[in-house]
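K.L.:
Predicted model and sequence below, questions to follow.
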Amino acid sequence: MTIALERPATPLRRITRVVRLNLANPRTTIVMPALIELAIFALSFIVWLLVSSSISPADRADASDGVQYSGAASWIFFYMLVVAVQAMNLTFPLALGFGSTRRDFYLGSALTFVALSAGWAIALSILSLLERITNGWGIGMTMFTTIYFGGTGTDTVQQLLIFFCVMLFFFFVGAAFAAVYVRWKAVGLTVSLILLGFLLVGLLALIGYTQSWDAVGTFFEDARALGVALWLLVPTAVAGIVGWLIMRRATPRS
């Protein structure tokens, strides 16, 4: 009698197991943010409908330009940062309990972040396209084609790249801070945030001391939304590397 032994899982299969583990609860990563996005859209639509109906057509054009700076759709990026934190902090001990290595867990989580970024970028790009086609949902409202996301002059492919890069940035920055918490808990996270604060203040002081604000403004003006989004891939990669270096020595704790 021959006993068939289960073949060891391939590296790709081990990684995809982590992806399935991270996506086991779609309510957190898909359903809840979609419902919140729908609620924000409905509230924005009602508010803009009330505003546009109470002003003259000439003033409505000026008000429509002001809505270009709305941040109504930006919340979802911060939400995904929280999703990344939960994935690294809550799923890590569970994945190791199921036999995953730290490398498999981190690569699987990174693949999850890329997949979620792509999915949400496609969804937001479709909404942005519909917003342009319908001239702001028929009332000149702007939510998915704001200045931060390229404005109305950006085509769908560029919009997709912008959403994707920004989403990746928030995912991997959140994962890096979560990795700090997993390894060093609240003390390490507090120290890292303080150091980051000093670094940002020092950078602003350096720009002011060298009188480089005009150069900074020129950079953002020339790069536009797409260029800035592509430059975000640099700190995204740094955060990804830092997160891995920390997680490879992290120990799950209760």
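P.N.:
Noted; the coordinates are in hand. Numbering: from 1, shown residues only.
K.L.:
which ones are touching the residue sitting nearest the centre point of the chain?
P.N.:
When Cα atoms, centre = their mean is applied to the chain, the residue found nearest the centroid is Met167 (2.7 Å). Met167 is in contact with 77, 80, 116-117, 120-121, counting by Cβ atoms under 8 Å, 6 or more residues apart in numbering. The C-beta positions use only the backbone N, C-alpha and C, and glycine is treated the same way.
K.L.:
before we move on, which element is it in?
P.N.:
helix 156-209 (DSSP states H and E).
K.L.:
quick one: average pLDDT of that helix?
P.N.:
Mean per-residue pLDDT for helix 156-209: 94.
K.L.:
Could you do stretch 229-244 as well?
P.N.:
pLDDT averaged over stretch 229-244 gives 96.
K.L.:
for stretch 80-95, same thing?
P.N.:
Mean per-residue pLDDT for stretch 80-95: 89.
K.L.:
ok, so what distance separates the residue lying closest to the residue nearest to the centre of the chain once chain neighbours are set aside from Trp48?
P.N.:
Leaving aside its sequence neighbours, Met167 sits nearest to Ser117 (Cβ to Cβ, 6 or more residues apart in numbering; 3.9 Å). With distances taken as Cβ to Cβ, to the nearest Å, Ser117 is found 28 Å from Trp48.
K.L.:
repeat for Phe149
P.N.:
From Phe149 to Trp48 the distance is 17 Å (Cβ to Cβ).
K.L.:
repeat for Gly97
P.N.:
49 Å.
K.L.:
ok, those two, which is more surrounded?
P.N.:
Trp48 (23 against 9; other Cβ atoms under 10 Å).
K.L.:
circling back to that earlier point, any chance of the contacts of Met167 in JSON lines, with distance to Phe171, secondary structure and neighbour count too?
P.N.:
Formatted as JSON lines, the contacts of Met167 follow (distance: Cβ to Cβ, whole Å; DSSP: H, G, I helix; E, B strand; the rest coil; neighbours: other Cβ atoms under 10 Å):
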{"residue": "Phe77", "distance to Phe171": "9", "secondary structure": "helix", "neighbour count": "18"}
{"residue": "Met80", "distance to Phe171": "6", "secondary structure": "helix", "neighbour count": "23"}
{"residue": "Leu116", "distance to Phe171": "7", "secondary structure": "helix", "neighbour count": "23"}
{"residue": "Ser117", "distance to Phe171": "6", "secondary structure": "helix", "neighbour count": "23"}
{"residue": "Trp120", "distance to Phe171": "10", "secondary structure": "helix", "neighbour count": "22"}
{"residue": "Ala121", "distance to Phe171": "12", "secondary structure": "helix", "neighbour count": "20"}
